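[1] mind looking at a prediction? Sequence and model below.
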Amino acid sequence: MLLGRQTNVSAFLLERHKRLGKFSDLNNSILISQHAADVATDDDPVKLVILNNLSVSLQRRFDRLGELADLDGIVSSNQGLLKLMPDHHPSKSEQFHTLGMSLGRRFERRADLRDLDDSILMFRRAIELVPDGHLRKPMYFHNLAVALHHRFEHLGELHDIDDTIVANQFTVELTGPDDDLEAERVNNLSVSFYHRFELIGGLDDFDMAMALKQYAIELFPDNHPQKAEWQTQFALALGYQYERSGSLDDLEKNLSACRRALDLTPHGHPDMSDRLFDLGVSLVKRFRCLGELDDHESALSAYRSAADLMSDDYPAVNRLQELAELLSQRYHRLGILDDLQSAIKASRHAIELQLDEDPAKAQGLVAYAYYLDIRFQRLGGSEDLDNGIYAYQCALELTPDDDPNQSERLYIYGDLLGQRFMRQRRLDDIANSIAMKRCAIELLPDEDTKKLERLDGLAVAFNQRYEHYRDPDDLSHSISIFKHVIETSRGDHPAAKATQLKNLGERLHRRHERLGQLADLEDAISTYEHVLRLTSDDDPLCQGILADLGTMWHSRFDLFGIPNDLEIALSYERRSIELAPDGSSKKPIQIANYGRFLKSRFMRFTEVSDLNKAILTQKRALELMPDNDRDKLAVSSNFVETLQTRYRYLKDPDDLEPVEYYVAAAGQPLGDPLQCLKSVAQALRLLALGPHESSMLLLSAFSLLLNVIPEVVWLGYSLERRFAESSRIGEALTAAVSAVIRAKNLELALEGLEVGRTIVWSQVLSLRTPIDNLRDCRPDLALALQDLHALFLRRSESPLPLHTHTSAIVESGASENISDIFDTSAADQLRQLAIKYKQLLAEIRSCDGFGDFLRPKPFQHLMSGAEQSTNGPVIFVNIFNQCDALIIEGSSVRVKELPALSGTFVDKLSVIWQGYLQASNVRGRAVLNQSVAQSRKISGHVRVLEQLWTWIVRPIFEALDLVSASSGELVHITWCPTGSLTQLPLHAAGIYSESSGPRAFDFAVSSYTPSLTALLNCRAELASLHSAPSMLVVTQSETPGQKALPSVEDERVRIHQLLSETQISSTVLSDHEATVHAVHPALTQHSWVHLSCHASQNAHDPTQSAFHLHDGPLTLRTLMGTELVANAELAFLSACQTATGDWKIPEESAHLAAGMLAVGFKGVVASMWSIQDRDAPMVVEEYYKRLLELRRAGVVGKRETGAAHALHEAVKRLRADVGEQNFIRWAPFVHFGA
């Protein structure tokens, strides 16, 4: 009774919920039903009603809330109903179907395959129980097919798709022709057949699927909303079949179906974009198959229409990329720039829509970069190149290491960087270009056909770097690669072989130009003539081959002077010009070379007609060249040289006028630094000679010279190479200074002397500059700079072989192992350091207050420093055709012309003096018999000293009013000579042929300095030294491999005696204690250093000039890598040749004395040539005695050391002992610094 009442209440509440929608009624109905079901027994007939009501109520709540617990309750209720129902119950089949549906829903939520299996079982039981003809039987089969299809999708089992087809077939058979569901059920059967086709590839299944799909579509009226969608599916299936079969008939059916789908889609439909895109895809397929341009145009139209309609979602990405590709293809076909612009826009839009996580984004970025590169090649806009490189950077960041596209992307990225380097000369670009190409090649197996092509590209990159750095190793790498490519690709097409041989020959010729090896030139000519035999006149390579052959034969003429070689060169060049079409970018340089060869013929045979024709030809070449042509600089230089040649022969002043060609061409931002230097030097020589009045032209040329110096003597080169490259600067600098002095611009002259001299030392000192101010403002940048400085200094300690590897290759005629090219060399690492350093300096200089950080000091700053120093005048002597002295006193600078002097004459004096030294055998600290020394006196050296006095020292002393001044305290003069004058003892100048003749030492105490900046730094740092000195004494009387120095022990004893009378602490390292390992660190721990040992100036490599210690040499290179010694003050180098320097690079002061200044010592006593062993103890004792006396008397200023005066007195004593005429013994002692 009670259960019946509860059942009625539950039913009432459910009904009221249905009518009024009160959710509480539904909940209460469920609670009552659940309670009734719990208490009802299975044999109570009312329990069936209770469970049915409970199932219905739970289903409504599940539909509302989606709670899994309700779904579990539904399944449980239905299972309970089936358990209570007898087999003959009329609703049992329906109940199996209902339970199957509930289990299917739970599978969709929980993905538990057991529910899906049970659902299928329930549907089968329902079908078994329902009689034939029952209206629900088609639905039961349909739901069974759906469940089977779900299981097929999860497990991929063939029997499930077979059973799905069977179930769908029964569904269709049981569906009447007037049933609204017929089309949908036919379509489901089509889908089932298609899936089985995809699984096992049976064409019967595909045909059945297509026929059923077409039949299903025909069952719908045209305005039915699903008809267009099914038509689209039909079209896509046909498209897939075409991809498998390649049958044009399938493609035509696909196109027809796509058009029909588009016709069925109403305007404004959200799928209109998709349908247009599908049509475009099919049209592209037919275009690729048949090549009909109309298909391409129609496809492009469809893609554009689709793009206009699409929303910014993921599917739009692929379509935008396809559109971009089509537009790019049409651009290549028709050259319409708008197509390319639109392709770039579409590609960029696609990238913006993609997330970084999308694996396809990297390829989208690559495509975008490709389109940008096409536009860059067309328009030359640097922004396109920059953006393309950035796109590749992003693509590589998104590319996994194991991606098969990694190698290609790295290579193309490297190629783009190489292109930018050739246009913008960003040094990091060429380094990264080579690194990327190396990585790309290393990723390829040897059998990959692309490897040789990419090796060829790497060789090109090495050649690009060579053209900038002029490093022969890069040329050798390039040559080795080309040889490897040629040897490995023997079966290549003749045209490809010709290109490879041409590349090899060109590099061989370049190496000949750099290293002068005849074998390279002969091989280059032989290789090119082989190439010429492989090419016809109409081959695009031919004109370039002929032009290069002309240049090579001209090089051979330069070597041997054989007239026939020159005629061959002219013949080849003439043929190349005839073949070159007007407008060819190479034609101007070919014309210019022809003019250069004509000039050579004039120089050989002096036919003026050749010279006139050469000038006209070179002028025509210049007129044809655009301003941004990289060859214009060299052509301009050759043109003006030719004009100068005619001026020398014909004396026409008009031939001196085109100096502006040099200046304008040298100002090209992408010019070769060496060629720029050459052009500027030529221009400055002309300007220095006159008669050129253009101050603006002079200032421009001078500015160009100062700007190109850091590029020629680049910090990224090894120390050896920087010293070697600095030799190119000297003459250009002295010409420039002479010209600006003539123009009365003394400020600029002084700045030029500071920037253009001691370049390497300035670089070394810049790495030791205190950065306290920067650390206060930007500690992050200060730390980064400090780290880079430390790395540079460590590099300075380890020498890089000066192209020894290259030389070995050239001498042996062998090629380096191709694998060696893939090792990152120390030179590469040094270049990278220099690039990072430049970038960091740019960042620092962008900070407020740091715009001039580590820049050369301007005139005002130099004069300010000089004004604070009251230690006597500083004298620059500039040696050129017209020589001058710049006299700096306080904050003023004035010029003293030296009209009787010329650079040529100074060179002669230097040669005479060096001959005198060689004849006197002064190569090392030695024990030299006095009679031998006297017997080797050469009268010419006396004339050298007298001419130094007459033409240089006396005019300067007269300008300083020293010669006529009454005797008193001697003035302290600091000399800063240039050119070959650095090899001559200005401090010893005088008239020695007369007993009372004037001598420089009678009027002044002389010192030397590598530069004004170095001197001012020494003086400024002295002002901050307050601690008591400590002294390191190093003595080496018997050095292994060197002559014994018996007086060294006497020298040590005398120093010890002097120091014992003072408060100066000392450390003594003698003989076997005096090792490099002991001495080098000790230098940094003492304020005074005395080195008594052998030393030498290395004529081949100045960085290997050294003090010879017990276990080996302490080299100039090591000193250059030494950390700055904060409290360093004085160094006495009681050794030979410590201030000799390298005659090839006189402006660099490449000697040990300058090295000690660079380490931080403020005053250094050194020797210009060898000193006698027995003289040293007396000079040393007298020097220290005088120095200590001066210090005790308090007469040494805050910005001086007293060393110059002490040495002056010590040498005076020696001179008195050995005689004034014995210059070899007293004149080598010199003082550097403060």
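    That came through fine. Numbers count the residues shown, from 1 in each chain.
[2] for K651, give me the pLDDT.
    At K651, the model reports a pLDDT of 78.
[3] for G291, the count of nearby residues, please.
    As a burial measure, G291 scores 9 neighbours (other CB atoms under 10 Å). Every residue, glycine included, has its C-beta placed from N, CA and C.
[4] now it: how far from Q34?
    According to CB to CB, to the nearest Å, G291 and Q34 sit 74 Å apart.
[5] ok, V942 next?
    With CB to CB as the criterion, V942 and Q34 are 131 Å apart.
[6] likewise V146?
    Taken as CB to CB, the span from V146 to Q34 is 31 Å.
[7] which of the two has more neighbours?
    Shown here are V146 and Q34; by other CB under 10 Å, V146 has more neighbours (19 against 16).
[8] how about the nearest residue to the more buried one, chain neighbours excluded?
    Nearest residue to V146, sequence neighbours excluded (CB to CB, 6 or more residues apart in numbering): G104, at 7.7 Å.
[9] contacting residues around the one you found?
    Contact analysis of G104 by CB atoms under 8 Å, 6 or more residues apart in numbering lists D115, L116, S119, N143, V146, A147, H150.
[10] how about the nearest residue to the spatially most central residue of the chain, chain neighbours excluded?
    By CA atoms, centre = their mean, the chain has its centre lying nearest to D428, at 1.8 Å. Excluding the flanking residues, the one nearest D428 by CB to CB, 6+ apart is I835, at 4.4 Å.
[11] for the stretch 1001-1150 of the chain, which segments count as strands?
    Here the stretch 1001-1150 of the chain has its strands, by DSSP state E, counting those that start in this stretch, at 1004-1008, 1030-1035, 1065-1070, 1088-1092, 1094-1096, 1106-1109, 1112-1115, 1130-1134.
[12] pLDDT (mean, whole number) over the helix or strand containing V1211?
    For V1211, the host element (DSSP states H and E) is helix 1203-1218. Here helix 1203-1218 scores 96 as its mean pLDDT.
[13] can you give me the angle that helix makes with strand 1004-1008?
    Using axes from the mean of the first three to the mean of the last three CA atoms, to 10 degrees, the direction of helix 1203-1218 lies 110 degrees away from that of strand 1004-1008.
[14] can you name the next helix or strand after helix 1203-1218?
    Next element after helix 1203-1218 (DSSP H and E): helix 1223-1226.
[15] on that earlier part again, hey, which of the strands of the stretch 1001-1150 of the chain is tucked in deepest?
    Each of the strands of the stretch 1001-1150 of the chain was assessed for mean neighbour count using mean count of other CB atoms under 10 Å. The highest is strand 1130-1134, with a mean of 29.
[16] so how far is that one off the chain centroid?
    Here the centre of strand 1130-1134 is set off from its chain's centre by 43 Å, with CA atoms, centre = their mean, to the nearest Å.
[17] could you do stretch 319-338 as well?
    Distance, centroid of stretch 319-338 to centroid of chain: 32 Å (CA atoms, centre = their mean).
[18] with stretch 601-609 instead?
    Using CA atoms, centre = their mean, the offset of stretch 601-609 from its chain centre is 46 Å.
[19] what's the weakest-modelled helix or strand in this protein?
    helix 804-812 (a mean of 34; mean pLDDT, DSSP states H and E).
[20] dump the C-alpha coordinates for the next helix or strand after that helix into PDB.
    Going down the chain from helix 804-812, the next helix or strand is helix 826-845, by DSSP H and E. Coordinates of each C-alpha in helix 826-845 appear next as PDB, following Å, rounded to 0.1, in the frame of the first residue of the first chain:
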ATOM      1  CA  ALA A 826      91.700  30.300 -32.200                       C
ATOM      2  CA  ALA A 827      91.500  33.000 -34.900                       C
ATOM      3  CA  ASP A 828      87.700  32.400 -35.200                       C
ATOM      4  CA  GLN A 829      87.400  32.800 -31.400                       C
ATOM      5  CA  LEU A 830      89.500  36.000 -31.400                       C
ATOM      6  CA  ARG A 831      87.300  37.500 -34.200                       C
ATOM      7  CA  GLN A 832      84.200  36.600 -32.200                       C
ATOM      8  CA  LEU A 833      85.600  38.400 -29.100                       C
ATOM      9  CA  ALA A 834      86.400  41.500 -31.200                       C
ATOM     10  CA  ILE A 835      82.800  41.500 -32.600                       C
ATOM     11  CA  LYS A 836      81.300  41.200 -29.100                       C
ATOM     12  CA  TYR A 837      83.600  43.900 -27.800                       C
ATOM     13  CA  LYS A 838      82.500  46.300 -30.500                       C
ATOM     14  CA  GLN A 839      78.900  45.600 -29.800                       C
ATOM     15  CA  LEU A 840      79.400  46.000 -26.100                       C
ATOM     16  CA  LEU A 841      81.200  49.400 -26.600                       C
ATOM     17  CA  ALA A 842      78.300  50.500 -28.800                       C
ATOM     18  CA  GLU A 843      75.900  49.700 -26.000                       C
ATOM     19  CA  ILE A 844      78.000  51.500 -23.400                       C
ATOM     20  CA  ARG A 845      78.400  54.600 -25.600                       C
END
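[21] got the buried residues for helix 826-845?
    By neighbour count with 16 or more other CB atoms under 10 Å, helix 826-845 contains the buried residues 827-828, 830-838, 841, 844.
[22] and if you look at stretch 197-207?
    F197, D205, F206.
[23] again with stretch 1122-1132
    Buried-residue list, stretch 1122-1132, by 16+ other CB under 10 Å: T1122, L1124, V1125, N1127, A1128, E1129, L1130, A1131, F1132.
[24] give me the pLDDT for the second one.
    Looking at L1124, its pLDDT reads 70.
[25] quick check: it touching G1160?
    Yes: in this structure, L1124 is within contact of G1160 by CB atoms under 8 Å, at 4.8 Å.
[26] residues shared between the contacts of these two?
    Once CB under 8 Å, 6+ apart is applied, the residues that L1124 and G1160 both contact turn out to be R768.
[27] and for S478, the neighbour number?
    Neighbours of S478 (other CB under 10 Å): 28.
[28] list the contacts of the residue nearest to the centre of the chain.
    Contacts of D428 by CB under 8 Å, 6+ apart are Q832, I835, Q839.
[29] element containing it?
    helix 427-442.
[30] who does whichever helix or strand comes after that helix touch, helix- and strand-wise?
    Next in sequence after helix 427-442, counting helices and strands by DSSP H and E, comes helix 450-469. Helix 450-469 sits against helix 406-424, helix 427-442, helix 472-488, helix 494-515, with contacts defined as 3 or more CB pairs under 8 Å, 6 or more residues apart in numbering; DSSP states H and E.
[31] could you dump those to CSV with distance to K253 and mean pLDDT?
    Listed next are the helices and strands packed on helix 450-469 as CSV, based on distance: least, CB to CB, whole Å; pLDDT from 0 to 100:
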stretch, distance to K253, mean pLDDT
helix 406-424, 37, 93
helix 427-442, 44, 92
helix 472-488, 49, 87
helix 494-515, 44, 86
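[32] relative to D852, which of these is closest?
    Of all the helices and strands packed on helix 450-469, helix 427-442 sits nearest to D852, with 22.3 Å by CB to CB.
[33] can you list the buried residues in that closest one?
    427-441.
[34] got it, and stretch 210-226?
    The neighbour-count criterion (16+ other CB under 10 Å) identifies M210, L212, K213, Y215, A216, I217, L219, F220 as the buried residues of stretch 210-226.
[35] can you give me how far it is from the chain middle?
    With CA atoms, centre = their mean, you get 63 Å for stretch 210-226.
[36] put the alpha carbons of that stretch into CSV.
    Taking C-alpha atoms only, stretch 210-226 is exported to CSV below (Å, rounded to 0.1, in the frame of the first residue of the first chain):
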residue,chain,number,x,y,z
MET,A,210,31.2,7.2,-53.7
ALA,A,211,28.0,5.8,-55.2
LEU,A,212,26.2,5.8,-51.8
LYS,A,213,27.5,9.3,-51.1
GLN,A,214,26.2,10.5,-54.4
TYR,A,215,22.8,8.8,-53.9
ALA,A,216,22.5,10.3,-50.4
ILE,A,217,23.2,13.8,-51.8
GLU,A,218,20.6,13.3,-54.5
LEU,A,219,18.0,12.4,-51.9
PHE,A,220,18.2,16.0,-50.5
PRO,A,221,16.7,19.0,-52.2
ASP,A,222,19.3,21.7,-53.2
ASN,A,223,18.2,24.0,-50.4
HIS,A,224,18.7,21.3,-47.7
PRO,A,225,21.4,22.6,-45.2
GLN,A,226,23.4,19.3,-45.3
